[in-house]
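> Need a 3D model of the following:
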Amino acid sequence: MMIKNKDIYKRALRLAVPMMIQNGITNMVGLVDNVMVGSLGSEAITAVSIVTQLIFVFNLAVFGGLSGPGIYGAQYYGQRNTEGFRSTVRIKHWIGLFCLIGGLLVFYMAGEPLIGLYLKGEGGDVDPVLTMSLAKQYLSIMLWGLPFFVITQIYAGSLRETGDSVKPMAAGIVSVVVDIVFNYLLIYGNLGMPKLGVEGAAAATVLARIIEAAVVVIWAFAARNKHTFLKGLYRTMLVPPAEAKRIVKKSLPIFLNEFLWAGAMAALTQCYSIRSLDIVAGLNISNALCNMFNVVFVAMGNAVGILIGQTLGASQYEKAKKDAFGLMWFTGISCIALTAVLVGFSGLFPSFYNTTDEIRSYATWFIAITAVFFPVQGFLNSLYFTLRSGGKTLVTFLFDSVFSWIIPVPCAFLLCNFTSLPIFAVYAVIQAADLIKVTVGYVLIKKGVWISNLVSED
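The predicted model follows:
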């Protein structure tokens, strides 16, 4: 159901395109690491893949924790309530600190056992002992970048909620340049620098995270006359208890959802790894490329959430419902082009890696299967962020992470451990399970159960 008035699409793209560029650049950091590390052999690819999967859980937990205040932030901004917006930013700092401390404790105390969960399969040429050693080296350095990732997410998310996604994008561009340069220097030991291999890749990524955080924070404060919420932001970090309770109550389901969903994705990879360690390397190559393309529907989903949230904050309920449907279809249809492009690259991209033909074959098929379901993911992201924009965080919790743990994860476990179904068929079945969520989400959007003005109600 496309909208005749194209203004909403233009607004969505103005907001989403800088996010696509920034997220694409952020993922480019991972892609550059991946390709360069890929020249070091299959063990290095697998080690980086495992650690990246574990840090992905942390990243999603941070994203989820900050998204709850972000819902209020978008609506406060739509209501032109600067003090309310400022409170959401302060709460983000506390949530970010909580996630950071929890993440560091888990990685320091249980990093090795978590990595070991992925090394139980019997795989081709991949040496599990060497893979464990490389993974531990990579993780120990990557942990230094976590605080700067949290800072970037707090500021970038807050700026986006005001409609400014250019500063985070620019910071991302700077970070990817830093990462590429120092990957070249530190992985291979060029221009007199030490040859550090996977440790060099991790060090380059950490440095890129530090630079990204510095750019976005400094630039935001340099424009504080425009971003008035920054004025007096740190006079106090206290938030009125009643307001903090309301926001945290909405935030907790989102935090749990993102954390558990990311955990489900990690569990799926672990299920696939039972068949062969080579599969982990193949998935890593596939994810490196697919993540460069999925920034389109992820950014569009974020834009949908912000725009619909602002419209709800202005109490324009019918417009919000109409815009939600239009943006959902717009995003899904746009992803069809991505499918064609990604399938075209599926055979070429794995050839850049110094690995076995079997791992390249795995990667090619995983890329192609993922690409086929991109339009489904486009619909799904718009549905999810629309539901969340109205504060239906418990619904999205059930809709997303609970679903993942009761359908895809058990199915993958049973199919990988107790059937001889080819891994590509298993992977396709798990991807197709999202059609259930699309159906349920569409019904919920149509019923309008998500429509509410949180800041007026509160």
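
> Near Phe221, how many other residues are there?
By the criterion of other Cβ atoms under 10 Å, Phe221 has 13 neighbours. (Glycine included, C-beta is placed from N, CA and C.)

> With Ile274 instead?
Counted by other Cβ under 10 Å, the residues lying close to Ile274 total 17.

> per-residue confidence at it?
Looking at Ile274, its pLDDT stands at 86.

> isn't it right up against Lys120?
Yes: counting by Cβ atoms under 8 Å, Ile274 touches Lys120, with 6.5 Å between them.

> Below-threshold pLDDT in this protein: ranges please.
For the chain, the stretches flagged by pLDDT under 70 are 1-5, 22, 26, 29-30, 121-126, 165, 391, 393, 449, 452-458.

> The most centrally placed residue in it: helix or strand, and which one exactly?
Closest residue to the average C-alpha location of the chain: Leu60 at 6.0 Å, with Cα atoms, centre = their mean. Secondary structure assignment for Leu60, by DSSP states H and E: helix 42-78.

> Contact partners for the residue nearest to the centre of the chain?
Leu60 is in contact with 258-259, 261-262, counting by Cβ atoms under 8 Å, 6 or more residues apart in numbering.

> So which of those belong to helices?
258-259, 261-262 (DSSP state H).

> Could you dump those residues into a markdown table with neighbour count added?
Converted to a markdown table, those look like this (neighbours: other Cβ atoms under 10 Å):
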| residue | neighbour count |
| --- | --- |
| Glu258 | 24 |
| Phe259 | 21 |
| Trp261 | 22 |
| Ala262 | 23 |
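
> Output the residues you listed as JSON lines; include the columns distance to Asp164.
Converted to JSON lines, those look like this (distance: Cβ to Cβ, whole Å):
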{"residue": "Glu258", "distance to Asp164": "23"}
{"residue": "Phe259", "distance to Asp164": "28"}
{"residue": "Trp261", "distance to Asp164": "28"}
{"residue": "Ala262", "distance to Asp164": "27"}
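
> with those residues in mind, which one is nearest to Leu31?
Using Cβ to Cβ, Ala262 is the member of these that lies nearest Leu31, at 19.4 Å.

> Ser158 reaches Ala74, doesn't it?
No: using Cβ under 8 Å, Ser158 makes no contact with Ala74, being 10.2 Å away.

> which of these two has more neighbours?
Ranked by neighbour count (other Cβ under 10 Å), Ser158 and Ala74 place Ala74 first, with 29 against 26.

> Now do the contacts for the closest residue to Thr386 other than its chain neighbours.
Once flanking residues are discounted, Thr386 sits nearest to Ala324: 4.5 Å by Cβ to Cβ, 6 or more residues apart in numbering. Taking Cβ under 8 Å, 6+ apart, we find Ala324 in contact with 304, 308, 382, 386, 445.

> and if you look at Ala371?
Ala371 makes contact with 290, 293, 338-339, 342-343, 346, according to Cβ under 8 Å, 6+ apart.

> Counting neighbours, what do you get for the spatially closest residue to it that is not a sequence neighbour?
Using Cβ to Cβ, 6+ apart and skipping residues adjacent in sequence, the residue nearest Ala371 is Leu342, 3.7 Å away. Using other Cβ under 10 Å, the number of residues around Leu342 comes to 23.

> hang on, isn't Leu342 packed against Ile369?
No: judged on Cβ under 8 Å, Leu342 makes no contact with Ile369 at a distance of 10.4 Å.

> Just send the contacts of Ala324 back as CSV, with distance to Arg246 too.
CSV is the format used below for the contacts of Ala324 (distance: Cβ to Cβ, whole Å):
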residue, distance to Arg246
Val304, 23
Ile308, 20
Ser382, 26
Thr386, 21
Ile445, 24
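
> Let me have those residues in CSV, extended by distance to Met193, neighbour count and secondary structure.
Shown next, in CSV, are these (distance: Cβ to Cβ, whole Å; neighbours: other Cβ atoms under 10 Å; DSSP: H, G, I helix; E, B strand; the rest coil):
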residue, distance to Met193, neighbour count, secondary structure
Val304, 44, 30, helix
Ile308, 48, 31, helix
Ser382, 45, 29, helix
Thr386, 48, 29, helix
Ile445, 53, 19, helix
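
> Please, where are all the helices along the stretch 1-150 of the chain?
Listed in chain order, the helices of the stretch 1-150 of the chain (DSSP state H, counting those that start in this stretch) span 7-38, 42-78, 82-116, 128-142, 146-161.

> what's the closest of these to Ile279?
Of all the helices of the stretch 1-150 of the chain, helix 42-78 sits nearest to Ile279, with 9.7 Å by Cβ to Cβ.

> In the helix or strand hosting Val409, which residues are buried?
If you go by DSSP H and E, Val409 is part of helix 408-418. Neighbour-count burial for helix 408-418, counted by 16 or more other Cβ atoms under 10 Å, picks out 408-409, 411-412, 415-416.

> Tell me which two of the residues you listed sit farthest apart.
Farthest-apart pair in the buried residues of helix 408-418 is Pro408 and Cys416; separation 11.8 Å (Cβ to Cβ).

> re the thing from before, between the contacts of Ala324, which sits nearest Ala244?
Nearest member of the contacts of Ala324 to Ala244, counting by Cβ to Cβ, is Ile308, at 24.4 Å.

> Surely the closest one touches Thr386?
Yes: counting by Cβ under 8 Å, Thr386 is a contact partner of Ile308 at 5.6 Å.

> can you list residues touching both of those two?
Common contacts of Ile308 and Thr386, defined by Cβ under 8 Å, 6+ apart, comprise 324, 327.

> which pair in the contacts of Ala371 spans the largest distance?
Those two in the contacts of Ala371 that are separated most widely, counting by Cβ to Cβ, are Leu338 and Ser346, at 12.4 Å.

> before we move on, the earlier item: from the middle of its chain, how far away would the very next helix or strand once past the helix holding Val409 be?
Counting by DSSP H and E, the next helix or strand C-terminal to helix 408-418 is helix 423-432. How far helix 423-432 lies from its chain's middle: 21 Å, per Cα atoms, centre = their mean, to the nearest Å.

> Please name the residues that touch the residue lying farthest from the centre of the chain.
What lies farthest from the middle of the chain is Gly192; by Cα atoms, centre = their mean that is 35.6 Å. Taking Cβ under 8 Å, 6+ apart, we find Gly192 in contact with no residue.

> Kindly provide the distance from it to Val206.
Taking Cβ to Cβ, to the nearest Å as the measure, Gly192 falls 21 Å from Val206.

> same deal with Pro350?
27 Å.

> cool, and Leu348?
Counting by Cβ to Cβ, the gap from Leu348 to Val206 is 30 Å.

> between these two, which one's more packed in?
Per other Cβ under 10 Å, whichever of Leu348 and Val206 has more neighbours is Val206, with 20 against 11.

> Skipping its backbone neighbours, what lies nearest that one in space?
Closest to Val206 by Cβ to Cβ, 6+ apart is Gly145, at 3.8 Å.

> Ala412 now?
Spatial nearest neighbour of Ala412, chain neighbours left out: Cys271 (4.1 Å); criterion: Cβ to Cβ, 6+ apart.

> Could you do Ser351 as well?
In space, Ser351 is closest to Arg360, 6.6 Å off (Cβ to Cβ, 6+ apart).
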